[in-house]
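Asks: I would like the atomic coordinates for the input below:
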Amino acid sequence: MGRTTRPRTGGRKKGTPNKKTLEVLEQISTLDYDPITTMVKISQQAMADENYALAGQMAKELAQYVYPKRKAVEHFTDEPAEWPKITINITDDPKPLPNSPAVKVL
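Replies: The predicted structure is shown next:
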């Protein structure tokens with residue numbers, strides 16, 4: 001038999017960081033280290049060195065803190081899809097394509 005669902009009780013509240021995350025945040029705060037500032041500096045240095053792959057990677061990493069991530073969207077339509085038109089020519093004297101297995105080499 002299936003159980004009926006009950007409201008959740010106990011545990012962390014939604015959005016509360018876990019113990020490991022709190023430890024990392026505390027260490028970063030203790031060291032007075034800002035990973036965002038470091039990524040910006042790496043990106044700027046990479047651009048100066050013309051290392052565009054690294055600069056692009058840093059920009060991509062930083063963009064997720066500035067812009068929301070886009071979700072995939074499915075597109076549905078009521079219109080029928082058009083199939084490609086195929087033309088078949090039937091002749092009395094068919095000629096095989098060059099380099100096809102039907103070509104006999106004498």
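Asks: So residue 40 versus residue 55, what's the distance?
Replies: According to C-beta to C-beta, to the nearest Å, residue 40 stands 11 Å off from residue 55. Any C-beta I mention is one placed from the backbone N, CA and C, and that applies to glycine too.
Asks: Break down this protein into its helices, ranges please.
Replies: With helices called from DSSP state H, the chain shows them at 19-31, 35-48, 52-66.
Asks: Nearest to residue 80, out of these?
Replies: helix 52-66 (39.1 Å; C-beta to C-beta).
Asks: where does this structure have low pLDDT?
Replies: 1-3, 89, 94, 96-97, 100-106 (pLDDT under 70).
Asks: how many neighbours does residue 58 have?
Replies: 21 (other C-beta atoms under 10 Å).
Asks: Pretty sure it sits against residue 45.
Replies: No. With contact defined as C-beta atoms under 8 Å, residue 58 does not count as touching residue 45 (9.5 Å).
Asks: of the helices of the chain, which approaches residue 72 most closely?
Replies: helix 52-66 (16.3 Å).
Asks: re earlier: distance to residue 73 added to the helices of the chain, as CSV?
Replies: Output for the helices of the chain, formatted as CSV (distance: least, C-beta to C-beta, whole Å):
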stretch, distance to residue 73
helix 19-31, 31
helix 35-48, 29
helix 52-66, 19
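Asks: Which one of those helices lies nearest to residue 90?
Replies: helix 52-66 (54.3 Å).
Asks: from the chain's centre, how far out does stretch 86-94 sit?
Replies: The chain centroid and the centroid of stretch 86-94 are separated by 46 Å, computed with C-alpha atoms, centre = their mean, to the nearest Å.
Asks: Dump that stretch to PDB, keeping only the CA atoms.
Replies: The C-alpha coordinates for stretch 86-94 follow below in PDB (Å, rounded to 0.1, in the frame of the first residue of the first chain):
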ATOM      1  CA  ILE A  86      11.700  13.400 -53.400                       C
ATOM      2  CA  THR A  87      11.700  12.800 -57.100                       C
ATOM      3  CA  ILE A  88      12.300   9.300 -58.500                       C
ATOM      4  CA  ASN A  89      13.000   8.900 -62.200                       C
ATOM      5  CA  ILE A  90      12.400   5.500 -63.600                       C
ATOM      6  CA  THR A  91      14.000   4.800 -67.000                       C
ATOM      7  CA  ASP A  92      14.200   1.800 -69.300                       C
ATOM      8  CA  ASP A  93      18.000   2.000 -69.500                       C
ATOM      9  CA  PRO A  94      19.200   2.800 -65.900                       C
END
